[in-house]
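Asks: Starting from these lines, generate the structure:
(2 chains)
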Number of protein chains: 2
Amino acid sequence: MQFEINTGLLDEVKLWVENYDNKSIQTLLQDLFPADIGEVLNHLSVEEAAYIYELLDEETSSAVLVELKEDLREEILATFSNKEIAEELDNLDSDDAADVINELPEERQNEVLSHIEDIEQASDIANLLTFEEGTAGSLMAKELVQVYHYDTVTTCIEKIRQQAETVDVMYAVYVVDDKERLLGMLSLKKLLIAQPNTLIEEIYDKDVIQVTTSALSADIADIMQKYDLVVVPVIDTLERLVGRITIDDVVDVIREEETDEAHKMAGIETFDEPYMNMPFISMIKKRAGWLVILFIGETLTATAMSFFEGQLAKAVILALFVPLIISSGGNTGSQASTLIIRAMALGEITFRDWWRIFKKELVVGLTLGFLLGLIGFLRIALWSTFVDIYGPHWMYIGITVGVTLVGVVLWGNLAGSLLPILLKRIRLDPAVCSAPFVATLVDVTGLIIYFTAATIILRGILL
Amino acid sequence: MQFEINTGLLDEVKLWVENYDNKSIQTLLQDLFPADIGEVLNHLSVEEAAYIYELLDEETSSAVLVELKEDLREEILATFSNKEIAEELDNLDSDDAADVINELPEERQNEVLSHIEDIEQASDIANLLTFEEGTAGSLMAKELVQVYHYDTVTTCIEKIRQQAETVDVMYAVYVVDDKERLLGMLSLKKLLIAQPNTLIEEIYDKDVIQVTTSALSADIADIMQKYDLVVVPVIDTLERLVGRITIDDVVDVIREEETDEAHKMAGIETFDEPYMNMPFISMIKKRAGWLVILFIGETLTATAMSFFEGQLAKAVILALFVPLIISSGGNTGSQASTLIIRAMALGEITFRDWWRIFKKELVVGLTLGFLLGLIGFLRIALWSTFVDIYGPHWMYIGITVGVTLVGVVLWGNLAGSLLPILLKRIRLDPAVCSAPFVATLVDVTGLIIYFTAATIILRGILL
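Replies: All right, here's what the predicted structure looks like:
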């Protein structure tokens, strides 16, 4: 079916490079899409990749350029003159070209821009570079076909013919008024089946979803998903049509967002570099912050336990179950917070649902708590049948552990499900560090529940 | 910009329903896209939603149907006759119609199918129902325009005109041979600018990415993302063109996948119902399994600690730092496993990279371990300056805790980063329950590290 990269192929390619066997390399490259060629190069050394890249024809090499890993692209472009880079960029869509320029050292950016032959392309790229990252302006491409509402179908098709080369992918043409303000759009299908002398204003679609240049990428992703769009026009503050965003760029945004969310949930600060490219210092910075905060929070467990040192001294056995109890609360809390955070991310629940969630998770937490509590009790009972590990009062210890588990699991479940909703309500990101944060919270309170239960149940027996 | 739902609007709508104010409702509905109407209905009670749904015209009501929450759709359709449901389905794309039928009670499915007037639509839906969920066959729609390679551009445009009504969204036409085998595709753009008497075979694109009916949805998502496709043709085992999959369905698949991954990482079995619709029993089933397994794994901590009961009895103070130590290992492990799992999901790293990852995480783990160990030591030193909480040997306790933290954090980091790679290597899903699983593993081993360090460092002092 599709191309699949494998070790055998890579070894073969490496051998070809070693022997300067350009013919074999070119035969392989002919059959591949740019995305596949990019994948192969990404798996080779910089030298090997650069060698093969040189063999690509002009158009393919530009298309492959955007498929390369950031660090490989950087290294290859570093060996290029400004003029050579400008030639590559001339073949790219303006949004891809702007992304590539953005990665260059700042002192080279203007140099490269000035070498781009197509003046319109150069000014499009320069314009795109002015928008803030993560906004519609930075995601959009300038290539599009626009027609006036008073044009005819024939004029419109003529405009498409003229721009067929520049606008690679085209799903619709946009209809604007005299002041370039977006009025609506016209699908190519409608255009194909319309009579040549029909006026555009008779057939175009006025209900068109649009975004402004300052719209955030996450919101654009939501909009395109909600309305099932493959392309969305971008307007400026004067409602003039300035670009369009295609779904493929938004799919990448969605994947990045989900990665960010997963990282945040594990207490890692978001980053936009691939894992392998991340320098050591940045990696430590991204991870140490939350680890230290959680560590300091967790020192409260030592404080909490020190209040019960007397009980611990009398019944050392109580210490044995501390990890079991706090981890059960933590695991339940992680489950609950993940469920709620994902449901909020998918728009399934909002703050308004908090009472229904509370009721639901109260019952679920109690059930899970009873289940784990029962297993905990049975485990202690079973062990005590065979070895005298927990002493003569094993049943009271079992009851203490069992009761504590009900309480801790219930509490972990409620904290895990309600905390993200609360965070979202006060406009904090619910995903930030939530699983470990909930775990830390539950650890401290779980210990208090445990030793309080022990003090009550074991009074006069062990304590 | 776009429609945004808010409490004010919802209250107003509820009031209109209460007062049978159909005119106000209809005025609102006129301005909204089906996706917006669906969003409003999803926020109302079943009775309110059903009332408004009845007011929709035929075409809108079908479009809104697929935007409703599953449970609301179920309740509304339950009040419909088979014939009424069939009428709704007649207006839908075959893939959406098949999804709706799939949700009906089995005994109704055939009844409804037999009431669909358009025979072709009925047989398309029946065909789609035969494919397994999660495969290309179940995701695809049958609506497409296909032309023969010996057709002319004029014939092709005529075919598009005939099918313009059925094929709602059209980006390309597909080219097949006499045996209906897929040869390639032709973009509407090319068609628009071609001369009428040109033969299709002179202008169509032969290099076309395709998938088979049995391809898995996750793989289709990867392919469409890699090659930046908005639609992909589906072929059967005889290479005949049988349908097409559009990017909007795949975006939903990507979101579901990411949710599944997040759930698995928190030890929740995957499910495909929205959180709020999940019945109590299913919720317990999805969560209890891993919780119990982790709980049983975690009982090993009690076993591990019982080996050190003697040390604990002599130095109860050691118990105070148990939660702090094991949670630090767990948090570091969660960070590492999340980083690696996401990087693998995005295709950034593979098993081949394990040695580079090991080296990287060894240094990162040591650094983070020294950082937390230092903070831990300083915390004990600081407290001891003001209160005599840790006794005269506080410095040795501080060293024990500090050294343990280096070891536990390093170990948690290595286990967290290498375990997912190993799981993937032996073809298990690396995401399954990884964060809590790593935490449990690190808890047990962390305790052994702690008490071993204590036995060595505190010998002759406290032990």
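
Asks: Just the element for A:E298, please.
Replies: According to DSSP states H and E, A:E298 maps onto helix A:280-306.

Asks: The first helix or strand past that helix going along the chain near chain B anywhere?
Replies: For helix A:280-306, the following helix or strand on the C-terminal side (DSSP H and E) is helix A:309-314. Yes: counting by C-beta under 8 Å from any C-beta of the partner chain, contacts between helix A:309-314 and chain B involve A:309, A:312-313. Bear in mind the C-beta positions are built from the backbone N, C-alpha and C, glycine included.

Asks: Determine the set of other helices and strands touching helix A:309-314.
Replies: Using 3 or more C-beta pairs under 8 Å, 6 or more residues apart in numbering or on different chains; DSSP states H and E as the contact criterion, the neighbours of helix A:309-314 among helices and strands are helix A:434-457.

Asks: chain center to the helix or strand bottoming out on mean pLDDT in chain A: distance?
Replies: For chain A, scoring each helix and strand by mean pLDDT, DSSP states H and E identifies helix A:247-265 as the least confident one, at a mean of 85. How far helix A:247-265 lies from its chain's middle: 2 Å, per C-alpha atoms, centre = their mean, to the nearest Å.

Asks: A:L28: what's it in contact with?
Replies: Contact partners of A:L28, counting by C-beta atoms under 8 Å, 6 or more residues apart in numbering or on different chains, are A:V13.

Asks: how much space is there between it and B:D205?
Replies: Between A:L28 and B:D205 the computed distance is 21 Å (C-beta to C-beta, to the nearest Å).

Asks: mind listing the strands for the stretch 301-450 of chain A?
Replies: For the stretch 301-450 of chain A, applying DSSP state E, counting those that start in this stretch gives no strands.

Asks: Give the residue spans of it that score low on pLDDT.
Replies: Counting by pLDDT under 70, the stretch 301-450 of chain A contains low-confidence ranges at A:433.

Asks: could you show me where the helices are in it, in order?
Replies: Along the stretch 301-450 of chain A, the stretches classed as helices by DSSP state H, counting those that start in this stretch are A:309-314, A:322-345, A:354-386, A:394-425, A:434-457.

Asks: The stretch 1-150 of chain A now?
Replies: Secondary structure of the stretch 1-150 of chain A, counting by DSSP H, counting those that start in this stretch: helices at A:7-18, A:22-30, A:34-42, A:46-55, A:58-65, A:70-78, A:82-90, A:94-103, A:106-115, A:119-128, A:136-139.

Asks: how about the residues of the stretch 51-200 of chain A near chain B?
Replies: Among all residues of the stretch 51-200 of chain A, those adjacent to chain B (criterion: C-beta under 8 Å from any C-beta) are A:157, A:160-161, A:164, A:167, A:170-171, A:187-193.

Asks: can you list those residues in CSV and add neighbour count, pLDDT and secondary structure?
Replies: Formatted as CSV, the entries for these read as follows, by neighbours: other C-beta atoms under 10 Å in any protein chain shown; pLDDT from 0 to 100; DSSP: H, G, I helix; E, B strand; the rest coil:
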residue, neighbour count, pLDDT, secondary structure
A:I157, 20, 92, helix
A:I160, 20, 91, helix
A:R161, 14, 89, helix
A:A164, 16, 83, coil
A:V167, 18, 82, coil
A:M170, 22, 83, coil
A:Y171, 22, 84, coil
A:S187, 19, 91, strand
A:L188, 23, 91, helix
A:K189, 23, 90, helix
A:K190, 19, 91, helix
A:L191, 21, 91, helix
A:L192, 20, 89, helix
A:I193, 16, 90, helix
